[in-house]
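Undergrad: The following comprises the amino acid sequence and a computationally predicted model.
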Amino acid sequence: MPTALITGITGQDGLYLSELLLAKGYEVHGIVRGQNNPKRDLVRRTVPDVHLHTGDLTDLSSLIRAMATAQPDEVYNLGAVSFVAYSWENARVTTDVTGNGVLNVLEAVRLYCGDDLSRVRYYQASSSEMFGKVQEVPQRESTLLWPRSPYGVAKVFGHYMTINYRESYGMHASSGILFNHESPRRGPEFVTRKVSMAVARIAEGRQDKLVMGNLDAQRDWGFAGDYVEGMWRMLQQPEADDYVLATGETHSIRDLLDVAFAHVGIDDWSGRVEQDPRFMRPAEVDLLVGDASKARDRLGWTPTVGFEDLVRMMVDADLALLRAER
Ligand code: NDP
Ligand code: GDR
């Protein structure tokens with residue numbers, strides 16, 4: 001039975017990846033930070049068979065201990081300060097966790113492997129935010145990186161450090177450059193979930209207005225369940241490499257609002273949505289759309305959920321949550 005160790009197991013992708021790996025017969029271990037993290041219970045409820053270890057990406061010795069206890073064949077480094085807007089307010093913490101945390105995990109893997117670097121396969125959660133200022137459309141593995149936020153800069157560091165460990169030590173270290181992927185498990189701070197929760201509340205008569213930032217940004221949104229399958233496939237390849245995962249379609253925040261409101265019977269949302277500079281970013285990533293043809297050709301990976309179905313799935317899930325509360 002193969003064994004996997006996941007950082008960021010309490011997050012959206014950590015939960016989907018745990019379910020996928022358990023279904024494939026893996027023994028799954030995860031790292032949870034903090035002395036009393038309430039999300040520990042969420043993991044226990046959702047994936048009770050996972051083994052949890054206390055650790056933090058900024059604490060190398062905790063990662064070394066987790067490696068020694070879990071003895072993994074595969075390590076998925078999903079942990080990060082992942083909210084782009086927050087990264088301007090806490091640039092140093094973002095750099096320490098999202099950037100230097102990658103170096104810590106790579107070092108923990110290297111120390112665990114000793115002379116045999118083939119003992120462990122490593123996945124790094126890189127991001128389309130690394131593309132930042134538009135250089136090429138669609139963006140692919142070779143597109144110039146021009147990050148536009150402290151988060152994006154930290155991810156570029158992690159991405160190149162992963163490549164560097166592959167090239168320096170021959171480590172099986174792959175970097176997945178994933179475009180936005182969403183689900184009913186998405187954190188409420190991200191735009192898709194913020195919209196799906198608010199639209200559900202408006203439909204139920206519990207909220208009047210929704211306050212938003214930039215409505216013109218365009219994103220390539222897919223379903224998180226599809227993307228964790230792509231992560232796993234990367235680590236099953238004989239050679240480590242970097243892969244874009246994306247749908248190849250882009251939509252604006254306005255399109256997101258159109259589909260979400262229409263799903264609850266509101267065709268004109270103009271009176272329901274306000275804009276506030278508080279939600280605007282110091283520098284924006286205007287247009288993301290990915291070319292995932294390398295992942296399709298080499299991994300046989302294709303997304304299964306389109307934009308409209310994804311948005312409707314999220315609104316339906318938030319309506320169900322509200323009705324269950326009632
Ligand atoms: P989430 O924000 O849902 O999860 C982030 C995880 O990182 C949480 O489990 C969080 O723990 C953990 N974490 C934060 N700080 C630390 C720390 N100091 N030590 C250990 N763990 C920590 O992110 P997603 O699941 O959406 O994303 C997974 C990864 O993929 C992230 O690295 C993200 O940057 C990257 N990514 C995500 C994309 C997306 O669209 N979802 C696209 C491209 C990349 P806690 O619960 O305690 O806060
Ligand atoms: P992003 O996701 O920054 O792309 O990072 P987010 O959903 O936060 O923003 C997407 C776009 O929506 C615009 N926007 C708003 N965003 C939020 N959160 N709240 C608002 O009110 C709002 N109004 C408009 C933003 O300006 C932006 O253009 C996500 C994260 O998961 C990263 O960790 C990951 O690396 C990238 O996706 C790929």
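TA: Everything's here; your move. Residues are numbered from 1 along each chain as shown. Ligands and ions are numbered 1, 2, ... in the order given.
Undergrad: secondary structure class for residue 312?
TA: Here residue 312 is recorded as helix under DSSP: H, G, I helix; E, B strand; the rest coil.
Undergrad: And for the residue nearest to it when sequence neighbours are not counted, the neighbour number?
TA: In space, and not counting its chain neighbours, residue 312 is closest to residue 263: 5.1 Å by Cβ to Cβ, 6 or more residues apart in numbering. In this view, the C-beta of every residue, glycine as well, is placed from N, C-alpha and C. The number of residues packed near residue 263 is 20, by other Cβ atoms under 10 Å.
Undergrad: For residue 263, what are phi and psi?
TA: Per-residue torsions, residue 263: phi -60, psi -30 (degrees, to the nearest 10).
Undergrad: where's it relative to ligand 2, distance?
TA: 19 Å (Cβ to the nearest ligand atom, to the nearest Å).
Undergrad: Might you report the residue contacts of that residue?
TA: 199, 311-312, 315-316 (Cβ atoms under 8 Å, 6 or more residues apart in numbering).
Undergrad: Pull out the buried members of the residues you listed.
TA: Among these, those that count as buried by neighbour count (16 or more other Cβ atoms under 10 Å) are 199, 311-312, 315.
Undergrad: coming back round to it: from the contacts of residue 263, pick the one nearest residue 150.
TA: residue 311 (28.8 Å; Cβ to Cβ).
Undergrad: That closest one - nearest residue in space that isn't next to it in sequence?
TA: residue 259 (4.4 Å).
Undergrad: Mind jotting down where the strands sit in the stretch 101-250 of the chain?
TA: 121-127, 172-178, 181-182, 210-212, 218-219, 222-223, 242-245 (DSSP state E, counting those that start in this stretch).
Undergrad: Which of those strands sits closest to residue 270?
TA: Closest to residue 270 of the strands of the stretch 101-250 of the chain is strand 210-212 (Cβ to Cβ; 11.4 Å).
Undergrad: Report the rounded mean pLDDT for the closest one.
TA: With pLDDT averaged residue by residue, strand 210-212 scores 98.
Undergrad: Could you give me the buried positions within that strand?
TA: Judged by neighbour count using 16+ other Cβ under 10 Å, the buried positions of strand 210-212 are 210, 212.
Undergrad: Paired strands for that strand, with orientation please.
TA: Strand pairing for strand 210-212, using DSSP bridges, gives strand 273-275 (parallel).
Undergrad: Next, the residue lying farthest from the centre of the chain: secondary structure please.
TA: Within the chain, the residue lying farthest from the chain centre (Cα atoms, centre = their mean) is residue 271, at 32.3 Å. Secondary structure assignment for residue 271 (three-state DSSP): coil.
Undergrad: Against ligand 2, how distant is it?
TA: Distance check for residue 271 against ligand 2: by Cβ to the nearest ligand atom, it reads 18 Å.
Undergrad: Please apply the same query to residue 93.
TA: For residue 93, the distance to ligand 2 - Cβ to the nearest ligand atom - is 14 Å.
Undergrad: what sits against that residue?
TA: Per Cβ under 8 Å, 6+ apart, neighbours of residue 93: residue 81.
Undergrad: Show the contacting residues for the residue in the stretch 1-150 of the chain that ligand 2 sits nearest to.
TA: Among the residues of the stretch 1-150 of the chain, residue 127 lies nearest to ligand 2; the distance is 3.2 Å by Cβ to the nearest ligand atom. Residues in contact with residue 127, defined by Cβ under 8 Å, 6+ apart, are 151-152, 155, 177-178.
Undergrad: which stretches of the stretch 1-150 of the chain aren't confidently modelled?
TA: Within the stretch 1-150 of the chain, not a single segment meets pLDDT under 70.
Undergrad: Next to ligand 1, which bits of it? Give me the list.
TA: Counting by Cβ under 6 Å from any ligand atom, the stretch 1-150 of the chain comes close to ligand 1 at 7-8, 10-14, 33-34, 37, 39, 56-58, 78-82, 97, 125, 127.
Undergrad: And the helices in the protein, which stretches?
TA: Ranges of helices within the chain are 12-23, 39-46, 60-70, 84-89, 91-94, 101-113, 150-169, 191-203, 224-235, 253-263, 293-299, 307-325, based on DSSP state H.
Undergrad: Residue 3: which of these is closest?
TA: Nearest to residue 3 among the helices of the chain is helix 60-70; the distance by Cβ to Cβ comes to 6.3 Å.
Undergrad: And the contacts of that closest one?
TA: 3, 5, 7, 29, 31, 51, 53-57, 75, 104-105, 107-109, 111-112.
Undergrad: Please apply the same query to stretch 38-49.
TA: With Cβ under 8 Å, 6+ apart, stretch 38-49 has contacts from 9-10, 14-15, 18-19, 22, 28, 30, 32, 50, 52.
Undergrad: give me that answer again for 10 Å
TA: 6, 9-11, 14-19, 21-22, 26-28, 30, 32-34, 37, 50, 52, 54, 185 (Cβ atoms under 10 Å, 6 or more residues apart in numbering).
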